[in-house]
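> Turn this into a structure:
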Amino acid sequence: MMEHEGMKEIFALQWKLNIRTLANAGKDFESVMKDPEQKLVWIENYRKALSAELAELIREVQEHGPGTQNGKVEIVDILHFLVSLSQIVGVEPGDIASLSAAANGTSFESCSIQAFLGIDELQNSLKWKWWAKGGGFKPERARSAILDLWNSLGCICAVFGFGFPELKKIYVAKNRINFERQRDNYNEDTKTEEDNLSIQG
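Numbers count the residues shown, from 1 in each chain. Below you'll find the model as predicted:
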């Protein structure tokens, strides 16, 4: 029950951040959420971002092993985009299985493969093969892919020994940093990771 309430708080914070982030890009997040065509654009945008964050996490684990503080911040970066995707496809906090499961001998590699397969399934829910006839957006397939990604995130958290209370604490800290970045006109060319170094589990 506490995890469910905590996840609801994370969803609410992410909604506010997405409103601010898209406003800085000249867009209205709430209008995007109501526009079927824009929804597809942002599923793809967030899917790409989540994939990039997963790649960063894999690099971190390759270099330093699972369980590092920076690795936990990378997991929280994945969480930001997974919540955003969930909001677009209609996955609610109550639909998400607990992220506090035990690892039970599962490897980080198998969790990562599971996550990339979920990302691929999400892409396959969109009409992205421009050379193929037919297709079109398949909302139930997208929703199923998002739920698979939540399971993958739970798997990764278990390997890291990363319980929900710590996950939420780091999420709230990173969400605050992301708001500050938006306020300060975050720029890909000038960004640093110094603000991330202040985050403690």
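> now the helices for the protein?
Secondary structure of the chain, counting by DSSP state H: helices at 2-24, 29-34, 36-64, 69-89, 108-124, 139-160, 164-183.
> list the buried ones in the shortest one?
This points to helix 29-34. Residues of helix 29-34 classed as buried by neighbour count (16 or more other C-beta atoms under 10 Å): 29, 32-33. Placement of C-beta: from N, CA and C, glycine included.
> nearest to Ile19, of those?
The closest of these to Ile19 turns out to be Phe29 (C-beta to C-beta; 4.6 Å).
> Contacts only, for that closest one.
Residues near Phe29 by C-beta atoms under 8 Å, 6 or more residues apart in numbering: 15, 18-19, 21-23.
> how deep is the closest residue in space to Cys111 that isn't next to it in sequence tucked in, by neighbour count?
Leaving aside its chain neighbours, Cys111 sits nearest to Cys155 (3.8 Å; criterion: C-beta to C-beta, 6 or more residues apart in numbering). Residues lying near Cys155 (other C-beta atoms under 10 Å) number 22.
> quick one: contacts for Cys155?
Taking C-beta under 8 Å, 6+ apart as the test, what Cys155 contacts is 101, 103, 106, 110-111, 114-115.
> Go through those and say which is closest to Pro139.
The closest of the contacts of Cys155 to Pro139 turns out to be Ala115 (C-beta to C-beta; 20.9 Å).
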